[in-house]
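Undergrad: Kindly return the folded structure for what I paste below:
(2 chains)
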Amino acid sequence: MKNKENSQKELEDLSPFLANLEKKEGFSVPKNYFKTLPDEILSQVQPQIETAPKTSWFDNLLLLFSPRLAIGLATIALLMIGTVVTLNKEVSQSPVAALDQLTNEAISIYIAANIEDFDDETIYGIDGLETLDVLPDDIEDAALDQYLEEYIDDIAIETLEDLL
Amino acid sequence: MKEISDTHILSLLETEAQYEKGFRMLMEKYQERLYWHVRRMVITHEDADDVIQNVFIKVYKNIHRFEAKSKLYTWLYRIATNETLTFLKKRSKTVTDSIDNEELNMENRLTADAYFDGDDIQKRLQYALNTLPEKQRLVFNLRYYDEMPYNQISEVLETSVGALKASYHHAVKKVESYFKTQGIS
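TA: Purely as a prediction, here's the structure:
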């Protein structure tokens, strides 16, 4: 209050004209300017939290066809295929694995076609096989008949037909 | 409404959790005073809005540098004054230096400003003040409109009380003389 009185007195002494002039400036501000100014300032000084932009299903679909993604997926696919092929090759190269896949029929056909390659020791060395009675090549008919009479029940019909 | 104390504002501004609250209180207390201080110098609301936003952004970022050697409003007024003078310096570089052009620019600014609705006398007062050097105009505004004591003006402008009194008296005489030349006294 004292300040106001002092300044007014001073002005009256300096210029009565200005002292009597109404202290109106004619300036105004937009409505609610001072109410919103703090929010305006704070929005500029405080960091903005960025939200992840929303993408549509179409954008996601397009993403699948992007060059980078396509190259990446192709590389992975090639690696997987190569791994599978390599593993299959390794499996097929194993003799034991290969033999396991053979059928009994295939084995029989092979042995019949290559019987000369198998010596007696190889055949007789197989575990579980009992000693076989091997008929000599020059067996006489009488001996053969006797043999047949003894083992007729054990011999398969097909074998009999072959012998006869 | 009880005025918020500077001590309370500054205590809130010391903690991160209360910083925004403290800053809002500071703005509530000082924003109008500082705005009009700026507006009287730059004239248009658009320019005043730009400057005052810069002022408060600086205040927000630098309040930790405020030392209790001076009062808070003195520190704030100083920032506002410096920002205003920087703005005016920048603006003067974009217009021709001729005094006549500056008066014309002033008239155009007042006419173009949607937020000036003063009468003829108020318009002429603005023209008269526009003829004063910037620092002298600052002294006149702080004493005439804000009725600020000389010792406080001295802290804001970092000028002696004696020099300020001389500057103000001289400014009053110039403005009175302007009105006389316009046939108004």
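
Undergrad: need the contact list for the residue lying closest to residue B:22 once chain neighbours are set aside.
TA: Spatial nearest neighbour of residue B:22, excluding adjacent residues (C-beta to C-beta, 6 or more residues apart in numbering or on different chains): residue B:12 at 2.9 Å. Bear in mind the C-beta positions are built from the backbone N, C-alpha and C, glycine included. By C-beta atoms under 8 Å, 6 or more residues apart in numbering or on different chains, the contact list for residue B:12 reads B:18, B:19, B:21, B:22, B:25.

Undergrad: Any of those buried? List them.
TA: B:19, B:22, B:25 (16 or more other C-beta atoms under 10 Å in any protein chain shown).

Undergrad: What is the most widely separated pair among the contacts of residue B:12?
TA: B:19 and B:25 (10.8 Å; C-beta to C-beta).

Undergrad: Can you check which helix is longest in chain B?
TA: The longest helix of chain B (DSSP state H) is helix B:19-42.

Undergrad: what does whatever helix or strand comes next after that one rub up against?
TA: Scanning forward in sequence from helix B:19-42 by DSSP states H and E, the next helix or strand is helix B:45-62. For helix B:45-62, contacts defined as C-beta under 8 Å, 6+ apart pick out A:27-30, A:33, A:37, A:40-42, A:44-45, B:23, B:26-27, B:31, B:34-35, B:38-39, B:42, B:76, B:79-80, B:83-84, B:87, B:91, B:113-115.

Undergrad: what's near enough to touch residue B:184?
TA: Contacts of residue B:184 (C-beta under 8 Å, 6+ apart): B:121, B:124.

Undergrad: just to revisit the earlier point, kindly export the longest helix of chain B (C-alpha atoms) in PDB.
TA: What follows is helix B:19-42, C-alpha atoms only, in PDB (Å, rounded to 0.1, in the frame of the first residue of the first chain):
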ATOM      1  CA  TYR B  19       8.000 -31.200  -8.000                       C
ATOM      2  CA  GLU B  20       5.000 -30.800 -10.300                       C
ATOM      3  CA  LYS B  21       2.800 -29.700  -7.400                       C
ATOM      4  CA  GLY B  22       5.400 -27.100  -6.400                       C
ATOM      5  CA  PHE B  23       5.800 -25.900 -10.000                       C
ATOM      6  CA  ARG B  24       2.000 -25.500 -10.400                       C
ATOM      7  CA  MET B  25       1.900 -23.400  -7.200                       C
ATOM      8  CA  LEU B  26       4.700 -21.200  -8.500                       C
ATOM      9  CA  MET B  27       2.900 -20.600 -11.700                       C
ATOM     10  CA  GLU B  28      -0.400 -19.900  -9.900                       C
ATOM     11  CA  LYS B  29       1.400 -17.200  -7.900                       C
ATOM     12  CA  TYR B  30       3.500 -15.600 -10.500                       C
ATOM     13  CA  GLN B  31       2.300 -16.400 -14.000                       C
ATOM     14  CA  GLU B  32       0.000 -13.300 -14.400                       C
ATOM     15  CA  ARG B  33       2.500 -10.800 -13.100                       C
ATOM     16  CA  LEU B  34       5.300 -12.200 -15.300                       C
ATOM     17  CA  TYR B  35       3.000 -12.400 -18.300                       C
ATOM     18  CA  TRP B  36       2.000  -8.800 -18.100                       C
ATOM     19  CA  HIS B  37       5.600  -7.800 -17.600                       C
ATOM     20  CA  VAL B  38       6.500  -9.500 -20.800                       C
ATOM     21  CA  ARG B  39       3.300  -8.400 -22.700                       C
ATOM     22  CA  ARG B  40       3.900  -4.700 -22.100                       C
ATOM     23  CA  MET B  41       7.300  -5.100 -23.800                       C
ATOM     24  CA  VAL B  42       6.400  -7.300 -26.800                       C
END
